[in-house]
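J.: Sequence and predicted structure are below.
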Amino acid sequence: MITMNQQSLSAFIWSVADLLRGDYKQSEYGRVILPFTVFRRLDCVLEATKPAVLAEYQAKQAQGITPDPFVLRVAGQSFFNVSPLDMKKLMGDQDHISQNLYSYINGFSPAVRDVFERFEFHAQIERLAKSGLLYQVTERFTQVDLHPDRVSNHQMGLVFEELIRKFAELSNETAGEHFTPREVIRLMVNLIFIEDDDVLSKPGVVRTIYDPTAGTGGMLSIAGEYLEEHNPKARLTVFGQELNPESYAICKADMLIKGQDVSKIAFGNTLSEDGHPATTFDYMLSNPPFGVEWKKVEKEVRKEHETLGYNGRFGPGLPRVSDGSMLFLLHLISKMRPVADGGSRFGIVLNGSPLFTGGAGSGESEIRRHVLENDLLEAIIGLPTDMFYNTGISTYVWIVSNRKPEHRKGKVQLIDASGMWQKMRKSLGSKRKELSDDHIAEITRLFGEFKESEADDKPISRIFKNADFGYRTITVERPLMEDGKPVIGQKGKAKGKKMPDPKLRDTENVPLSEDVEAYFKREVLPHVPDAWIDPDKTKVGYEIPFNRHFYVFQPPRPLEAIDADLKQVVGRIQAMLEEIAG
């Protein structure tokens, strides 16, 4: 029996790929290796209680009692298996390996069977049997000891993560669709738990955490690890939803191994079929897909927006169909525990677009308006580029809460962490940079202190009032002229008034903190004295020009210095030409 550290464990499991080479394409290796890894792990976890479980199962069946709840208690896990087989016994009957494997899998409790169905494991068993590989692959996995005493839940999580990334790269999928870099999750977990250490350290405390785009469960796992480190007595009940069947299967398997209730991990599209309707949570984390259109679910989302309004999830507005990430922001806001019950805090990773896309009155601006006017936004942290596996673009972590501490009320903190990174020894896809432990601690400190601060003569933390991000878009009209005279309206509301010329119509954005009339007199009338504002067309908008608030003007070099440089270059060129001519 082989026991090993995480690296050699990954290498061992990866060596199974050598057996598959030729019969399977590289991009298909994961379909065999991932479910077999889960299968072997569960087999090892249940090993010690196997005899007692079988005895209890037979006794309860003989009494005509439904055995499941009793068997579960004896297994000491959130799952069980009532087949007399285990992986070692499978090795003793080479001729009937596939029938025995099916029989063993069918002996698992329903939640585990669901995991293997999502992996389409039966289809792989059949394919391996046809290729004459089933016995060899099963035997290879039987040789590795994945018992929790030898491989901790944390190590197992890392192994899963590494395997998933490798398979995603091989099949040219974007690894970023499957998981978020661990250090980004650790930062987010720090930020959402930061002010709650007192509450979380009380014995027996139970808190809920939810991820609507759970992937393979990385965010939920790391949140659980954090809490266990800080308070082994606290309990975190995890909820999630995932759309990709394979990621869902891995997430669920991971939760099973850690003793979580896997019925709380829902399958399906969070936007069109909320797997946890009417449920609210203490904490939430999400890394929704960036810039992915929501056309597939447009009908359901629009229907909810139009029929339920603010009683549904999408009351404030809908973003353009080309990017659905702000729908996840609204979804999370709808899942916040009411303030009277203790409130909520969540972290969500978004790209730059939700900060500023869409003018006043657009869906995006209305969503920002809802967030800011309801005082829900605590902070936005700008991360370095090249942090994610599938994109090099700038990303931002939004921290949102309906239970802001007193000193944060009415304010938003912007933290520019784009310069905090270290180069990775080896790039992974688009990911070339990572946050060190010191960077995570520094960002967490900046957030916790809630003060304006600088580093290297550049601002890195700035604090604004919510209203600083708001503006009014006013419509400036000028008269329609005919024969050098303004045209006067003859009917209805326009009677006796100057008619506007649509060709000369213009708009101006006036900060919410400014008086519109004063702005108009100062900025517009001196240039166009015959202009007026049409108050019916005024709209309120919100945008968060993050980079502008951290821009530091670098004065150009003096002309004398540039001139001296040019003279030097010209001199060098002349000398070279003379050499050639000579």
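T.: Perfect, thanks for sending it.

J.: quick one, helices of the stretch 51-200 of the chain?
T.: According to DSSP state H, counting those that start in this stretch, the stretch 51-200 of the chain carries its helices in the segments 68-75, 87-90, 97-106, 110-118, 121-130, 134-142, 153-170, 182-193, 197-200.

J.: weakest of those in terms of mean pLDDT?
T.: Among the helices of the stretch 51-200 of the chain, helix 153-170 has the lowest mean pLDDT, at a mean of 73.

J.: Give me the helices and strands touching that helix, please.
T.: helix 6-20, helix 29-46, helix 218-230, helix 245-257 (3 or more C-beta pairs under 8 Å, 6 or more residues apart in numbering; DSSP states H and E). (Glycine included, C-beta is placed from N, CA and C.)

J.: Hey, what's the angle from it to helix 6-20? Just curious.
T.: Going by axes from the mean of the first three to the mean of the last three C-alpha atoms, to 10 degrees, helix 153-170 is angled at 40 degrees with respect to helix 6-20.

J.: picking up where we left off before, so which of the helices and strands packed on helix 153-170 is the most surrounded?
T.: Each of those was assessed for mean neighbour count using mean count of other C-beta atoms under 10 Å. The highest is helix 245-257, with a mean of 25.

J.: which residues of the chain score low on pLDDT?
T.: Flagging of the chain using pLDDT under 70 yields the residue ranges 1-4, 6, 161, 165, 168-169, 171-179, 259, 390, 582.

J.: Quick one: closest of the helices of the stretch 51-200 of the chain to residue 283.
T.: helix 182-193 (5.2 Å; C-beta to C-beta).

J.: which helices and strands does the closest one pack with?
T.: If you count contacts as 3+ C-beta pairs under 8 Å, 6+ apart, helix 182-193 packs onto helix 218-230, strand 283-286, strand 345-351, strand 377-382, strand 395-401, helix 437-449.

J.: Test my guess that residue 346 contacts residue 283.
T.: Yes. Taking contacts as C-beta atoms under 8 Å, residue 346 lies within contact range of residue 283: 6.5 Å.

J.: so what sits against both of those two?
T.: When contacts are counted by C-beta atoms under 8 Å, 6 or more residues apart in numbering, residue 346 and residue 283 have residue 192 as shared neighbours.

J.: about what we covered before: and the helices and strands packed on helix 182-193, which is most packed in?
T.: Of all those, strand 283-286 carries the top mean neighbour count, a mean of 26, counting by mean count of other C-beta under 10 Å.

J.: next SSE after it?
T.: Note on strand 283-286: by DSSP states H and E, the next helix or strand toward the C-terminus is helix 298-308.

J.: how about the CA coordinates for that following helix, as PDB?
T.: The C-alpha trace of helix 298-308 is given here as PDB (Å, rounded to 0.1, in the frame of the first residue of the first chain):
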ATOM      1  CA  GLU A 298     -32.900  35.700 -20.700                       C
ATOM      2  CA  LYS A 299     -36.500  34.600 -20.800                       C
ATOM      3  CA  GLU A 300     -36.600  33.500 -17.200                       C
ATOM      4  CA  VAL A 301     -34.600  36.400 -15.900                       C
ATOM      5  CA  ARG A 302     -36.700  39.000 -17.700                       C
ATOM      6  CA  LYS A 303     -39.900  37.400 -16.500                       C
ATOM      7  CA  GLU A 304     -38.700  37.500 -12.900                       C
ATOM      8  CA  HIS A 305     -37.600  41.200 -13.300                       C
ATOM      9  CA  GLU A 306     -40.900  42.200 -14.800                       C
ATOM     10  CA  THR A 307     -43.400  40.200 -12.800                       C
ATOM     11  CA  LEU A 308     -41.800  40.100  -9.300                       C
END
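
J.: Same list (the helices of the stretch 51-200 of the chain) but as JSON lines, adding mean neighbour count and distance to residue 307.
T.: Listed next are the helices of the stretch 51-200 of the chain as JSON lines, based on neighbours: other C-beta atoms under 10 Å; distance: least, C-beta to C-beta, whole Å:
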{"stretch": "helix 68-75", "mean neighbour count": "16", "distance to residue 307": "40"}
{"stretch": "helix 87-90", "mean neighbour count": "16", "distance to residue 307": "52"}
{"stretch": "helix 97-106", "mean neighbour count": "17", "distance to residue 307": "43"}
{"stretch": "helix 110-118", "mean neighbour count": "19", "distance to residue 307": "32"}
{"stretch": "helix 121-130", "mean neighbour count": "17", "distance to residue 307": "40"}
{"stretch": "helix 134-142", "mean neighbour count": "18", "distance to residue 307": "51"}
{"stretch": "helix 153-170", "mean neighbour count": "20", "distance to residue 307": "38"}
{"stretch": "helix 182-193", "mean neighbour count": "22", "distance to residue 307": "32"}
{"stretch": "helix 197-200", "mean neighbour count": "12", "distance to residue 307": "38"}
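
J.: So for residue 363, which of those helices sits nearest?
T.: Short answer: helix 182-193, nearest of those by C-beta to C-beta, at 25.7 Å.

J.: and the angle from the closest one to helix 153-170?
T.: 130 degrees.

J.: Give me the contacts around helix 182-193.
T.: Around helix 182-193, the neighbours that count as contacts under C-beta under 8 Å, 6+ apart are 161, 200, 218-219, 222-223, 226-227, 230, 283-285, 287, 345-347, 349, 379, 381, 383, 387-388, 397, 399, 434-436, 440, 443-444, 447.

J.: Quick one: distance of that helix to the chain centre.
T.: 11 Å (C-alpha atoms, centre = their mean, to the nearest Å).

J.: one step back: so which of the helices and strands packed on helix 182-193 gets nearest residue 26?
T.: That would be helix 218-230 among the helices and strands packed on helix 182-193, by C-beta to C-beta, at 23.9 Å.

J.: Now do the closest one: distance to the chain's middle.
T.: 16 Å.

J.: Can you name the element that comes right after it?
T.: Immediately after helix 218-230, counting by DSSP H and E, sits strand 235-242.

J.: Neighbouring strands of that following strand in the sheet, and parallel or not?
T.: When pairing is defined by DSSP bridges, strand 235-242 lines up against strand 206-211 (parallel), strand 265-267 (parallel).

J.: okay, the helices and strands packed on helix 182-193 in a markdown table with distance to residue 209 next?
T.: Below are the helices and strands packed on helix 182-193 laid out as a markdown table (distance: least, C-beta to C-beta, whole Å):
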| stretch | distance to residue 209 |
| --- | --- |
| helix 218-230 | 5 |
| strand 283-286 | 4 |
| strand 345-351 | 9 |
| strand 377-382 | 17 |
| strand 395-401 | 14 |
| helix 437-449 | 18 |
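
J.: and residue 455, which of those is closest to it?
T.: Nearest to residue 455, of all those, is helix 437-449, at 9.0 Å by C-beta to C-beta.

J.: what helices or strands is that closest one leaning on?
T.: helix 182-193, strand 377-382, strand 411-416, strand 458-465.

J.: who wins for proximity to residue 38 among the ones you listed?
T.: When the helices and strands packed on helix 437-449 are ranked by proximity to residue 38 (C-beta to C-beta), helix 182-193 comes first, at 20.2 Å.

J.: Send me that closest one as CSV with only the CA atoms.
T.: This file holds the C-alpha atoms of helix 182-193, laid out as CSV (Å, rounded to 0.1, in the frame of the first residue of the first chain):
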residue,chain,number,x,y,z
ARG,A,182,-6.5,29.8,-3.6
GLU,A,183,-4.8,33.0,-2.4
VAL,A,184,-7.6,35.2,-3.9
ILE,A,185,-10.1,33.1,-2.0
ARG,A,186,-8.0,33.4,1.2
LEU,A,187,-8.0,37.1,0.8
MET,A,188,-11.8,37.2,0.3
VAL,A,189,-12.4,34.9,3.3
ASN,A,190,-10.2,37.2,5.5
LEU,A,191,-12.2,40.2,4.4
ILE,A,192,-15.7,38.8,5.0
PHE,A,193,-14.8,37.3,8.4
